[in-house]
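Trainee: What follows is a predicted protein model with its sequence.
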Amino acid sequence: MKIKTSHIILAGIGFIALQNGENVRGSLEKGNTIRQQQSSFNDHIRENRTKARHAAKLSKVAIERFENNCILVGTGKAGIPTYFRNNQPVLDPQMSAPLRPGAFICNQLGDTAVVSDDGRISDIARVSVADQDRFKQLLKAR
């Protein structure tokens, strides 16, 4: 077999490819890492936007509960209002008795919730900053 110029060129290309194989592999891995980071960041942005939309909808629910005369509860020790927490027990502030299941409750901080069957706080909805003016009007009217 006679060695031709094309064989030498192909051998040279093969040698260069072998020499640069590690660089190509590194570049591909770096590109994959960057794509994964961008995807994670985009997922994070999408998740935050979804949370913001849910918060805005829950704020509307909270305002509706205030408009429907929710039972004002939630003063902590020394009369300082506290935020609602899920599964927190709740009592009627005037009678110190359990509230009926399904009752809407609210506090002076803009939290609203529903009393569960076992007399605990569930389904919390909070007033957002955008609805604070309406909330203050409703609270003042009480």
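Mentor: Happy to help now that I have it.

Trainee: how about the residue nearest the centre of the chain, what does it touch?
Mentor: With distances taken as CA atoms, centre = their mean, the residue of the chain nearest its centroid is residue 51 (4.0 Å). For residue 51, the contact set (CB atoms under 8 Å, 6 or more residues apart in numbering) is empty. The C-beta positions use only the backbone N, C-alpha and C, and glycine is treated the same way.

Trainee: A helix includes residue 85, no?
Mentor: No: Residue 85: not assigned to a helix; according to DSSP: H, G, I helix; E, B strand; the rest coil it is coil.

Trainee: coming back round to it: hang on, the residue nearest to the centre of the chain is in a helix, isn't it?
Mentor: Yes: counting by three-state DSSP, residue 51 is found in a helix.

Trainee: Output the lowest mean pLDDT helix or strand found in the protein.
Mentor: When each helix and strand of the chain is scored by mean pLDDT, DSSP states H and E, helix 5-67 comes last, with a mean of 84.

Trainee: Work out the gap between the helix or strand that that one is followed by and the centre of the chain.
Mentor: Sequence order places strand 71-72 as the next helix or strand after helix 5-67, per DSSP states H and E. Distance of strand 71-72 from its chain centroid, counting by CA atoms, centre = their mean, to the nearest Å, is 27 Å.

Trainee: quick one: average confidence on strand 71-72?
Mentor: Averaging pLDDT along strand 71-72 gives 88.

Trainee: What is it packed up against?
Mentor: strand 104-106 (3 or more CB pairs under 8 Å, 6 or more residues apart in numbering; DSSP states H and E).

Trainee: mean confidence for the strand it packs on?
Mentor: Rounded mean pLDDT across strand 104-106 is 92.

Trainee: what pairs with it, and is each one parallel or antiparallel?
Mentor: strand 71-72 (parallel), strand 111-115 (antiparallel) (DSSP bridges).
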